[in-house]
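Colleague: need a 3D model of the sequence below.
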Amino acid sequence: MSLKNVRLEVMQHLEKDVQSLIEKYLIPVEKIWQPTDFLPDSTKESFYEEVKEIRALSKELPYDFWVVLVGDMITEEALPSYESWLMDVEGVDQIERNGWSTWLRHWTGEENRHGDVLNKYLYLSGRVNMREIEKTTQYLINDGFDIGTGRDPYKNFVYTSFQELATYVSHNRVAKIAKQKGNKHLAKMCRIISGDEMRHHHAYSEFVERIFAVDPNQMMMAFHDMMKRKIAMPAHFLRESGESIGTAFEEFSNTAQRIGVYTSNDYVDILQKLIDRWDIGNMTGLNEEAEKARDYLMKLPPRMYRLSERMKIPENSFKFKWVDPA
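Modeller: Here you go, the predicted structure:
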């Protein structure tokens, strides 16, 4: 049987449990928070005063902070690319609406709120150029999305397990900076977003655990292949208007590292957390190829930590079109 057919068979085997995983990890629409819970109510007389407060507090936050918040928001707003990619994964049937496609639609519904609330907050802050941000978002969606997973569900679930934890780290660190600068409301908003990302990380990690239980050799190879090629960030095609694909991403990453929101050490920490979560070191019954893949994975974090220690981050802020330097 081909690898493609094996993966499809495994996905169909696990699909019977997806509804219980939706109930375990996702929150019903009527119970979960919505963007308006964190934004001024435009139907009330207090709206203008609340907007003034947001604008006043926004002046206390530094330039690099706004660059990172904008980059995080644009990454969240490119959700159409992520959903369309995952809907094409082997075993996901959006025509017949199987359990996997139901999961992805519900997951998308939760994730969609993140971009909504950040977008509106940035608009009200008075610190950013919304038209430039909107052009970057449209470019990111237009330019597409390629994370090197193909239609392979094993690789895609490794990717989402990793990436959901990375977005948790980023949003949670932004929340901490906002709190330190006295913006408790923005801090709470970003902390709540990070909580969603952590729930989603646990969900995708459980998907991988369940695959390891029935197809450990090929799941190990998929994990190995994804980490060998390195996890591409969702916004790796990021660009500003008038620039080429990817030109803004390196500077955005430098900014996030400079202020400690997401660093090269965080990347390695996440890899180590996945190795520990999936108990890679103690996995038995692997074939020779999977054993070699496991050995590679176990040795990878120390090697990557040594490399990260030698990385130099530019000290000067790059001038993005997104953010008012004032």
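Colleague: and the gap between the residue of the chain most remote from its centre and residue 23?
Modeller: For the chain, the C-alpha lying farthest from the average C-alpha position belongs to residue 45; by CA atoms, centre = their mean, that distance is 36.6 Å. Plainly put, residue 45 is 41 Å away from residue 23 if you go by CB to CB, to the nearest Å. Heads up, the C-betas are built off the backbone N, CA and C, glycines and all.
Colleague: doesn't the residue farthest from the centre of the chain fall inside a helix?
Modeller: No: Residue 45 is assigned coil when assessed by DSSP: H, G, I helix; E, B strand; the rest coil, not a helix.
Colleague: for the helix or strand hosting residue 291, name the packing helices and strands.
Modeller: Residue 291 is located in helix 288-309, with elements delineated by DSSP states H and E. When contacts are defined as 3 or more CB pairs under 8 Å, 6 or more residues apart in numbering; DSSP states H and E, helix 288-309 packs onto helix 216-229, helix 264-277.
Colleague: low-confidence ranges, this structure, go.
Modeller: In the prediction, the chain carries residues with pLDDT under 70 at positions 1, 325-326.
Colleague: where exactly do the helices run in it?
Modeller: Remark: helices of the chain, listed N- to C-terminal, are 3-14, 18-25, 47-58, 63-77, 79-86, 99-125, 130-142, 153-180, 184-214, 216-229, 247-258, 264-277, 288-309; assignment by DSSP state H.
Colleague: need those in CSV with mean neighbour count and distance to residue 317, can you?
Modeller: Written out in CSV, the entries for the helices of the chain read as follows (neighbours: other CB atoms under 10 Å; distance: least, CB to CB, whole Å):
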stretch, mean neighbour count, distance to residue 317
helix 3-14, 16, 45
helix 18-25, 14, 38
helix 47-58, 15, 17
helix 63-77, 24, 6
helix 79-86, 18, 28
helix 99-125, 19, 18
helix 130-142, 18, 16
helix 153-180, 22, 15
helix 184-214, 19, 20
helix 216-229, 20, 31
helix 247-258, 20, 7
helix 264-277, 17, 19
helix 288-309, 15, 21
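Colleague: nearest to residue 237, of the ones you listed?
Modeller: For residue 237, the closest of the helices of the chain is helix 130-142, at 6.0 Å, according to CB to CB.
Colleague: follow-up on the earlier one: tell me which of the helices of the chain lies nearest to residue 41.
Modeller: Among the helices of the chain, the nearest to residue 41 by CB to CB is helix 47-58 (6.1 Å).
Colleague: quick one on the thing from earlier: the inter-axis angle of the helix holding residue 291 versus helix 247-258?
Modeller: Comparing the axes of helix 288-309 and helix 247-258 via axes from the mean of the first three to the mean of the last three CA atoms, to 10 degrees yields an angle of 70 degrees.
Colleague: a markdown table for the helices of the chain, including distance to residue 35?
Modeller: Output for the helices of the chain, formatted as a markdown table (distance: least, CB to CB, whole Å):
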| stretch | distance to residue 35 |
| --- | --- |
| helix 3-14 | 33 |
| helix 18-25 | 21 |
| helix 47-58 | 14 |
| helix 63-77 | 11 |
| helix 79-86 | 14 |
| helix 99-125 | 4 |
| helix 130-142 | 16 |
| helix 153-180 | 15 |
| helix 184-214 | 9 |
| helix 216-229 | 32 |
| helix 247-258 | 23 |
| helix 264-277 | 27 |
| helix 288-309 | 35 |
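Colleague: out of those helices, which comes closest to residue 32?
Modeller: Using CB to CB, the helices of the chain put helix 99-125 closest to residue 32, at 6.9 Å.
Colleague: any idea how far the closest one is from the chain center?
Modeller: For helix 99-125, the distance between its averaged C-alpha position and the chain's averaged C-alpha position is 12 Å (CA atoms, centre = their mean, to the nearest Å).
Colleague: which helices and strands does it pack with?
Modeller: Other helices and strands packing on helix 99-125, by 3+ CB pairs under 8 Å, 6+ apart, are helix 18-25, helix 47-58, helix 63-77, helix 79-86, helix 130-142, helix 184-214.
Colleague: no more questions from me, cheers.
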